[in-house]
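>>> Mind looking at a prediction? Sequence and model below.
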Amino acid sequence: MSEPAKRLRRLPRTALLWSAGAVLLLALPFYLDRFWLQAGLFAMAAAIGAIGLNLLTGATGQLSMGHAFFLAVGAYGYCVFAGDSAGTLTGLGLPSWLAAVLAVALAGVAGGLFSPISGRLQGAYLGIATLALIFIGQHVLFNAHDLTGGFNGRDVPPLSLFGITFDESELLVAAVPFGSAEKLWYVALIAVAGCALFARGVLRGRPGRAMNAIRDHRIAAGVIGVPVARYRAGVFVLSSMYAGLAGVLLALVFQRTVPEYFGMILSLEYLAMIVIGGLGSVAGAVVGAVFVSLLPQLLTRYSDALPLVSAPGTGGVAPGEASRYLYGAAVVAVVLFLPGGLVRPALRRKTTTPEE
């Protein structure tokens with residue numbers, strides 16, 4: 001056997017799987033059509049937001065019902081910072097990359113303003129307090145016409161980075177025309193990978209141990225010297241910034257923001273993501289986000305071939321309703337039969353099976 005083959009054989013199986021997965025994800029824009037690329041972009045945006053919520057709820061034990069509010073702050077913040085003033089709409093006309101950074105920072109500031117409350121409340125009380133953010137956000141989005149465009153929303157300026165504009169103008173790569181979805185795919189991949197690695201580092205380090213201690217027994221964590229209020233407030237800000245980045249990416253994919261999207265149902269969907277995937281796990285957040293975000297799109301795509309599911313407006317069960325029934329049933333099934341989420345069996349097998 002040659003030396004390169006021996007070296008390859010000595011690599012852990014997990015490293016080979018990760019390498020193969022990375023190559024596959026990098027190659028997908030060359031082969032998939034627009035529907036699947038957009039579905040993947042929605043899933044990646046949802047994964048970023050779900051990772052942030054899992055840091056807050058899964059790792060620290062803080063129930064948040066207002067995650068959609070911070071997604072809206074990120075999405076509309078980007079539109080205001082990057083957009084130009086036109087008619088009644090207000091825009092600052094900043095470079096789009098700077099607008100994206102400022103939108104994420106704005107979501108963090110919004111989380112910081114709420115953090116004194118999140119640092120002192122817990123359980124259902126914190127959930128009810130964060131639920132108020134949804135009602136406040138919806139009122140502002142529908143009525144602050146100069147900033148949000150009101151009920152009809154506002155257009156999203158395309159992202160420009162390193163001389164590349166991520167719009168519908170075609171860019172030839174290896175004789176394959178790249179539109180906005182293809183170009184945004186790689187931006188989303190980098191964002192998801194960066195967010196996942198950062199969250200993984202947080203959870204595996206000293207902050208992660210402190211967060212888990214607060215989740216498991218808040219009083220005992222305080223006794224051993226963990227600054228409980230400071231950690232709870234800091235994680236809330238970090239989770240808000242993750243949501244802000246997810247909101248920016250969603251806005252770039254949608255190309256238009258509408259207030260109705262950022263409602264209570266979106267917050268409930270994010271809670272379903274982390275419960276189905278696995279609380280306190282970065283991989284669980286990603287798996288749950290893919291499941292919950294792709295399900296309604298797949299049902300819409302194949303509604304003609306599925307029983308009891310019909311196209312929207314035709315009188316049967318709409319794909320969106322059917323998807324909520326299914327992932328609602330998935331939440332119940334996971335809670336009853338798989339408390340650790342969908343990734344728990346894989347994590348358990350990884351810890352019990354020695355690496356080759």
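Everything's here; your move.

>>> what's the model's confidence in stretch 37-46, averaged?
Stretch 37-46 comes out with an average pLDDT of 93.

>>> ok, how many other residues are close to V173?
When neighbours are defined as other Cβ atoms under 10 Å, V173 has 12 of them. (Each C-beta comes from the backbone N, C-alpha and C, glycine too.)

>>> can you pull the contacts of it?
By Cβ atoms under 8 Å, 6 or more residues apart in numbering, V173 lies in contact with 30, 182.

>>> 10 Å instead, please
Counting by Cβ atoms under 10 Å, 6 or more residues apart in numbering, V173 touches 29-30, 182-183.

>>> can you check E260 too?
E260 sits next to 138, 141-142, 151, 153, 266 when contact means Cβ under 10 Å, 6+ apart.

>>> Counting neighbours, which of these end up buried?
Among the contacts of E260, those classed as buried by neighbour count (16 or more other Cβ atoms under 10 Å) are 138, 141, 153, 266.

>>> pLDDT wise, what is T353 at?
pLDDT, T353: 47.

>>> Then the one 3 residues further on?
pLDDT recorded at E356 is 37.

>>> Tell me which two of the contacts of E260 sit farthest apart.
Farthest pair in the contacts of E260 (Cβ to Cβ) is F151 and L266. Separation: 17.0 Å.

>>> related to what we said a few turns ago, looking at the contacts of E260, which are in helices?
138, 141-142, 266 (DSSP state H).

>>> which residues in the chain form strands?
Secondary structure of the chain by DSSP state E: the strands cover 84-86, 89-92, 154-155, 160-161, 164-165, 171-173, 176-178, 256-257.

>>> Just give me how far the fifth one sits from the chain centre.
Spelled out, that is strand 164-165. 24 Å (Cα atoms, centre = their mean, to the nearest Å).

>>> Got the phi and psi for P227?
Dihedral pair for P227: phi -70, psi 90, per degrees, to the nearest 10.

>>> For L189, see how far away it is.
36 Å (Cβ to Cβ, to the nearest Å).

>>> who's more crowded, those two?
When neighbours are counted by other Cβ under 10 Å, L189 comes out ahead of the other of P227 and L189, with 18 against 14.

>>> thought the more buried one was touching A22?
Yes. Judged on Cβ atoms under 10 Å, L189 makes contact with A22 at a distance of 8.8 Å.

>>> Return the residues in contact with the nearest residue to R232 once chain neighbours are set aside.
Nearest non-adjacent residue to R232, counting by Cβ to Cβ, 6 or more residues apart in numbering: G119, 4.5 Å away. Shown in contact with G119 (Cβ under 10 Å, 6+ apart): 62, 126, 227-236.

>>> Identify the farthest-apart pair in those.
Farthest pair in those, by Cβ to Cβ: L126 and P227, 17.8 Å.
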